[in-house]
Each structure stands twice: as structure tokens, then as C-alpha cells.
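> sequence first, predicted model second:
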Amino acid sequence: MRSLLLAVSCILALCSLVPQIVAERGTNGREREEQIMRNAKAAEVLRYINREADPCNNFYDFACGNWPLHQPKLLEGDAPLSVQSQLVQRVRKDVQMLLDVGARIKSRTNLDERKVKEFYKSCLVVERSSSLQQAFLMNFIKEYNGLPLLAGTNWNMNYDWVQVIARLRLNYGFDYLIGMEVVTNEQSLPGKTVIQLTEPATSLLPRHLCSAGATLDAKVGEKLTAQLQTEIANDLQSWFGLKEDETERVAGDIIRFEFELCQYMRENESLPPSENDEPEPNVYEGRDLARLSKEFGNIINFRRYLETSLNSTVANSEIVMKSPRYFKHLAHIARLNPRPTLTNYIMYRALTEINFPRNETSHPRAGYC
């Protein structure tokens, strides 16, 4: 107990000494920035500590007990924002601050950093619905195998949706239909990568409604569906000047596909635990992915997805299937739905993320860029 208290005291002492040490090193530009950051972080650590808690009984409460008191009471759907969501928001604000400074101050930057800052600056000033924006959208669509709605975009019935979502993940980090995580496993052999196949983390529907256990009143469901369908149709009309009746039909297909997809998502979060123990996830060797694809009716080419999205071979990797019920359902609806529906769903998801929102008053341009 004494050792623990001594360690805690040392941590607190270091938090107060760090600014002094930095100040003694000098007052040039970079050291001043470090001093400001260290001061802020030290104050943040002290603010979150609950000094009334006994660290020997509950060290977590002592170290972080006051953290909730300093967090905004925001909601995500009908649930409080998670710690992860708040961290993501904070990182985005920090990135925007760095880009804002970089866009206004000329300094030495490497080529990649300069490209990012120039792209950010161009995003701030580009005109909506300009010829440049239209050309960018059309080139994007052609690059990812076309869109059946638009002539001249090279779409055909041999559309390989697995390859498309893999390339979108590689180039943009999008996780449509298939989720993936590369993890470190202490039990694995040195140098052997462990890859987890998971459900996608994002959806068009709010997270609390896109789950196996979601219950929705008929009137609420009808209202939500109509609202989403109108938004999707309006987006398609705004981007490409398509007719209303055509976009309404496509929007309806996209929503129906997402509702089907959500029926087997987030079962662990939304459904009560079963009486039986949770089964161990299935593990496959990377060189044996053909067997995994065969188990799902060869609808999903897992090797193509992994090697395309990672841009490397996975022959020596360990593949962990985390959500077999979801992937079985995905293979089922991918087989039943026509290729245009899959294409429209994937491309609409991608276009909403690379395009400006129709109503920018609720999405400040700088934050969106």
C-alpha cells in the first residue's frame, strides 16, 4: 500500500514539475508549444483525479473518478455518447486545428503534408455543384466500377462488390458490409498477423436502430423510412440531376437493403445473453481462405477482400471469424438481391462521405473538410 501511494505521489509531482523542466530548456517556438501542451495535460490529469477515493481500494476511481464530471452530456440517438465517440470528436477537432494553422502559415513541410493542407484549402473554397465537383464525382464512380443509374460509367452485371468495398477500405478506410481489424495476439507465433472479420461499424440507420434487438413502433418506422428515402432521393437528384421517380425507387431499394442487413447486427449489444456459453470464434489459416468462402456458399471471396484491402498477401495470417451469423446473413441477402441494389447501396454510402452535405448550415464546411 505504501509503495502504491509513493508511486502515485511521484506521478503527481512529475505532473507539476514537467512545466518547470520545459520552461528551463528555453523559450524558442517549439519548446514554448511543448510547455503549453504539457501544462494543459498536467492540469487535465489533475482535474480527472478523484482525490477522495482510496487508490488502494479502487485505483481506477482515484485516477479517473472525476472524468465524467467534465464531459458534455451529449446523446447519440437515445444513448449517452461513448468514450470512444468523444475521443473521435476530440481528435477531429485537433486535426482541424492543425490544418487551419497549416493553411494560413507558411512553414517547412514535407510533400505529403503539403498535399494534405492544399487539399484542405481547396475543400474550403470549392463551389457546390461546380463542374470540377461533377467531374470528380464521375471519375470516382468510374474508378469503382460504375453506377447503373448513370450511363457511361462502365457498370455491368459482372460487378464485383467484394473487390469494390475492399478497394474503398484500402483507399478511404470505409468499412461497408464487411468489417476488419488487425490485432496483436500474444499466443500467436512471432511475425504472424491476426485478422478479425467483423460486422461493419457504420450504417445509414442510427446505431441504436441498426441492430438485431431494435424494436420500432410501426408509425415511427414508417416515418423514419420515408424521411431516409426522401434524403437519399434528394441527394441523388442534387448530385446527378436524375428524375424524382427514378431516385425514389433507388432510395427505397437502398433502405430495404440496410434494414435487411441490420437484422443480424450487434446481437451481443442488443439481445439478452443466451443460456449457452458464447461459442469460440472460428479460426482459419490465411492459406485456407477458400474453405472459409465455401462455407458461405462462395458468395464472399474472403481472400480477395483481405488481400485487396490490405494490399498484401495473407497466406501466413490467422483469420478469426467474429460474427458468423452476420456473415451468413450477408451472403444470403447478397445472393438474393440483384447486383444493381448492391451497387447502389455501396456507392451511395461512399458518395455521401466524399461529397458535401446538401444542407451545409448544420455541417460547417471547415469541420466537414
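Thanks, I have the structure now.
> residue boundaries of the strands in the stretch 101-250 of the chain?
Assigned by DSSP state E, counting those that start in this stretch, the strands in the stretch 101-250 of the chain fall at 179-183, 194-198.
> among those strands, which is nearest Leu224?
strand 179-183 (23.9 Å; C-beta to C-beta). For the C-beta atoms, the positions are set from N, CA and C on the backbone; glycine is no exception.
> pull up the pairing partners for that closest one, direction included.
strand 194-198 (antiparallel) (DSSP bridges).
> pull the distance from the strand it pairs with to the chain's centre.
Put simply, strand 194-198 sits 16 Å off its chain's centre (C-alpha atoms, centre = their mean, to the nearest Å).
> let me see the mean pLDDT of it.
Across strand 194-198, the average pLDDT comes to 92.
> correct me if wrong: Leu205 contacts Glu260.
No. Under the criterion of C-beta atoms under 8 Å, Leu205 makes no contact with Glu260, lying 11.4 Å away.
> the two: who's more crowded?
More neighbours surround Leu205 than the other of Leu205 and Glu260, with 20 against 15 (other C-beta atoms under 10 Å).
> residue contacts, the more buried one?
Residues near Leu205 by C-beta atoms under 8 Å, 6 or more residues apart in numbering: Leu224, Leu228, Glu258, Phe259, Cys262.
> quick one on the thing from earlier: winner for burial among the strands of the stretch 101-250 of the chain?
strand 194-198 (a mean of 19; mean count of other C-beta atoms under 10 Å).
> what residues does that one touch?
With C-beta under 8 Å, 6+ apart as the criterion, strand 194-198 contacts 178-185, 188, 286, 302, 306, 310, 314, 317-323, 327.
> over to stretch 173-183?
So stretch 173-183 is contacted by 161-162, 165, 168-169, 193-202, 261, 300, 305-306, 309-310, 327, 330, 345-346, 349-350, 353 (C-beta under 8 Å, 6+ apart).
> so what's the backbone phi/psi at Val283?
When read as degrees, to the nearest 10, the backbone of Val283 gives phi -120, psi 130.
> give me the neighbour count for Asn110.
Asn110: 7 neighbours (other C-beta under 10 Å).
> any idea how far Val116 is from it?
Distance from Asn110 to Val116, counting by C-beta to C-beta, to the nearest Å: 10 Å.
> quick one: residues contacting Pro324.
Pro281, Asn282.
> pLDDT score assigned to it?
With respect to pLDDT, Pro324 has a value of 91.
> let's have the chain start at 697 instead
Sure thing, new numbering starts at 697, so read that last one as Pro1020.
> circling back: buried among the contacts of stretch 869-879? Need that as a selection in ChimeraX.
Here is the ChimeraX command that picks out the buried ones among the contacts of stretch 869-879, judged by 16 or more other C-beta atoms under 10 Å:
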select :857,858,861,864,865,889,890,891,892,893,894,895,896,957,996,1001,1002,1005,1006,1023,1026,1041,1042,1045,1046
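> just the ones in helices from the contacts of stretch 869-879, please.
Applying DSSP state H to those, the entries found in helices are 857-858, 861, 864-865, 957, 1001-1002, 1005-1006, 1023, 1026, 1041-1042, 1045-1046, 1049.
> could you pull out the helices in the stretch 847-996 of the chain for me?
Ranges of helices in the stretch 847-996 of the chain, per DSSP state H, counting those that start in this stretch, are 857-868, 914-936, 940-958, 963-966, 985-991.
> nearest to Trp763, of those?
helix 963-966 (22.7 Å).
> contacts for the closest one?
Ser907, Ala908, Gly909, Ala910, Ser1019, Arg1021, Tyr1022.
> what about the last one, neighbour count?
Using other C-beta under 10 Å, Tyr1022 has 24 neighbouring residues.
> cool, Asn753 as well?
Asn753, neighbours per other C-beta under 10 Å, totals 9.
> can you check Glu927 too?
16.
> next one, pLDDT for it please.
92.
> how about the contacts made by it?
Contacts of Glu927 by C-beta under 8 Å, 6+ apart are Ala947.
> adding distance to Glu965, write the strands of the stretch 797-946 of the chain out as CSV.
Converted to CSV, those look like this (distance: least, C-beta to C-beta, whole Å):
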stretch, distance to Glu965
strand 875-879, 14
strand 890-894, 13
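> among the contacts of Leu901, who's most crowded?
That'd be Cys958 among the contacts of Leu901, by other C-beta under 10 Å, with 21 neighbours.
> give me the nearest residue to that one, chain neighbours excluded.
Cys906 (4.0 Å; C-beta to C-beta, 6 or more residues apart in numbering).
> I'd guessed the one you found sits against Gln959; true?
No. The criterion here is C-beta under 8 Å, and Cys906 misses it with Gln959 at 9.4 Å.
> ok, the two, which is more surrounded?
Legend: neighbour count by other C-beta under 10 Å for Cys906 and Gln959, higher for Cys906 (22 against 14).
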